[in-house]
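Q: Following is a predicted model, sequence given first.
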Amino acid sequence: MPARPETAPEPRWLARRLLAWHARHGRHDLPWQKNRTLYRVWVAEIMLQQTQVATVIPYYRRFLRAFPSLRRLADASLDAVLEQWTGLGYYARARNLHRAARLVRDGLGGRLPRDLDGLMKLPGIGRSTAGAILAQVLDRPHPILDGNVKRVLARCFTVDGWPGEPAVEARLWELSTACTPATRCADYTQAIMDLGATVCTSRNPACGRCPLAPRCLARASGEPTAWPAPRPGRTRPRRRHTLLVLRDARGRVLLQRRPPAGIWGGLWTLPLCPDRADPARWCRDELALAIRPGRRGPLIRHELTHFRLELEPLYAELAPNRGGTREGPELRWHVPGSRPPGGLPAPVRRLLDTLTA
DNA sequence: GATTCGTGGCG
DNA sequence: TCGCCAAGAAT
């Protein structure tokens, strides 16, 4: 049984322990940690929102190769940006990143703001992301509050309640502010995130390797994973859709652009089968596939089913741009294996890959 | 204040 | 197979 401290750790002790731990056990060679510019760290922080480091790294390298500077990003088309974002998810991040780059190019002389309020005015940058950028690039003493920090602080100080509740989050902001030291802010910020990501993990915390364990109240309780409290249960609505793979005689696949906002906003997907329509009823000439998302998540897992589709009725519904006057979804024929017209959702990309092979 | 937004990994 | 979670922000 661990020793049982009765008082919460002092902020200065916590920061000192974290800094010492980070020197030996922290991560020091992440791609955005070298050549730390506002632009490079900004892009990294946006990609890292709700996304783990290991997932981000290859995307980050490709993205910076395609858009080495803010100017190059602002001058690029949104389609080109979404194409780089394909598979990363949360595509509003890419749209906001691109919009912010143009705002900076056109209104701020091409320079990203170097203060909290200025950064937070840009789309996609909230308080935590702004703090992380300033702490890492300029070593400014701004607290952050991401999932790692929430977990570490909630355990150390046994903060009750689900962090999604505003009152709990406010308390965690207080603690994060109190613990953030006036100096060595870049190292401290990286340290507490690294601890949360590699030691104070959500399911199997390695308290035996934690520099904060001696005074961690959750550790002392014997059940460190009791904090933070889990999100209250909720019933997620199940949605079921059918996407159609329509191929012409040359093997091209019909793609349709999603509306600019909402799920997969601005991306190119397979056309949606109209609700209540049975794809099988349209079987006739062309071989097609239907994707039927399963019970998981918004639109994720899918099964492939072969259908033979009658194209003409669908074209009447899907190709309203013919003639140039009617409004309707943007459509494009795509040759599998060639460069896509823009961003593709991961399931669509995977499907197109199977058509290539 | 509650929901929405992707995808991959984990137990 | 399933539910939860992850370097959050916008609506």
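A: Great, that's in hand. Owing to the predicted nature of the structure, the values given are computational and were not obtained by experimental measurement. Numbering: from 1, shown residues only, chains lettered A, B, ... in the order given.
Q: Which residues of the stretch 1-150 of chain A lie near DNA strand C?
A: Within the stretch 1-150 of chain A, the positions near DNA strand C by C-beta under 7 Å from any atom of the strand are A:27, A:30, A:32, A:44-45, A:48-53, A:90, A:92, A:96, A:122-130, A:132, A:146-148, A:150. Every C-beta, even on glycine, is put in place using the N, C-alpha and C of the backbone.
Q: Mind checking which of those residues are in strands?
A: Using DSSP state E, no member of these falls within strands.
Q: Same list, those residues, but only the ones touching DNA strand B.
A: A:Gln50, A:Thr51, A:Gln52, A:Tyr90, A:Ala92.
Q: residue boundaries of the strands in the stretch 101-250 of chain A?
A: Along the stretch 101-250 of chain A, counting by DSSP state E, counting those that start in this stretch, strands occupy A:243-244.
Q: So what's the residue count around the residue of it found nearest DNA strand B?
A: Of the residues in the stretch 101-250 of chain A, the one nearest DNA strand B is A:Pro166, at a distance of 4.2 Å by C-beta to the nearest atom of the strand. Per other C-beta atoms under 10 Å, the neighbour tally for A:Pro166 reads 8.
Q: just the one 3 residues further on next, same as before
A: When neighbours are defined as other C-beta under 10 Å, A:Glu169 has 16 of them.
Q: pretty sure A:Gly131 is touching A:Ile144, no?
A: Yes - with contact defined as C-beta atoms under 8 Å, A:Gly131 reaches A:Ile144; the gap is 4.5 Å.
Q: How about stretch A:245-252, which residues are buried there?
A: A:Val245, A:Leu246, A:Arg247 (16 or more other C-beta atoms under 10 Å).
Q: That should have said stretch A:46-53, apologies.
A: Buried positions in stretch A:46-53, judged by neighbour count with 16+ other C-beta under 10 Å: A:Ile46, A:Met47, A:Leu48, A:Gln49, A:Val53.
Q: Can you give me the pLDDT of the residue of the stretch 101-250 of chain A closest to DNA strand B?
A: You'll see A:Pro166 listed with a pLDDT of 92.
Q: What of A:Gln49?
A: If you check A:Gln49, the pLDDT there is 97.
Q: any idea of the pLDDT on the residue lying closest to A:Leu134 once chain neighbours are set aside?
A: Leaving aside its sequence neighbours, A:Leu134 sits nearest to A:Arg140 (C-beta to C-beta, 6 or more residues apart in numbering; 4.2 Å). At A:Arg140, the model reports a pLDDT of 98.
Q: Would you report the backbone torsion angles of A:Arg140?
A: Main-chain dihedrals, A:Arg140, degrees, to the nearest 10: phi -90, psi 150.
Q: my read: it touches A:Arg184, true?
A: No - checked against C-beta under 8 Å, the pair A:Arg140 and A:Arg184 is beyond contact range at 11.5 Å.
Q: what sits in contact with each of A:Gly131 and A:Ile144?
A: Taking C-beta atoms under 8 Å, 6 or more residues apart in numbering as the criterion, A:Gly131 and A:Ile144 both touch A:Thr189.
Q: what residue ranges in chain A score low on pLDDT?
A: For chain A, the stretches with pLDDT under 70 are A:1-6, A:235-241, A:273-329.
Q: so where do the helices sit in it?
A: Under the criterion DSSP state H, chain A contains helices at A:11-25, A:38-47, A:53-66, A:70-75, A:78-85, A:92-107, A:116-120, A:127-138, A:147-156, A:166-179, A:185-198, A:217-221, A:311-318, A:346-356.
Q: Highest mean neighbour count out of those helices?
A: Stretch with highest mean neighbour count among the helices of chain A: helix A:147-156 (a mean of 24; mean count of other C-beta atoms under 10 Å).
Q: I'd like the distance from that one to the chain centre, please.
A: Centre-to-centre, helix A:147-156 and its host chain are 20 Å apart (C-alpha atoms, centre = their mean, to the nearest Å).
Q: now do stretch A:173-193
A: 23 Å.
Q: That stretch: end-to-end distance?
A: 15 Å (C-alpha to C-alpha, to the nearest Å).
Q: quick one on the thing from earlier: just curious, which of the ones next to DNA strand B among the residues of the stretch 1-150 of chain A next to DNA strand C is nearest to DNA strand C?
A: A:Gln50 (4.1 Å).
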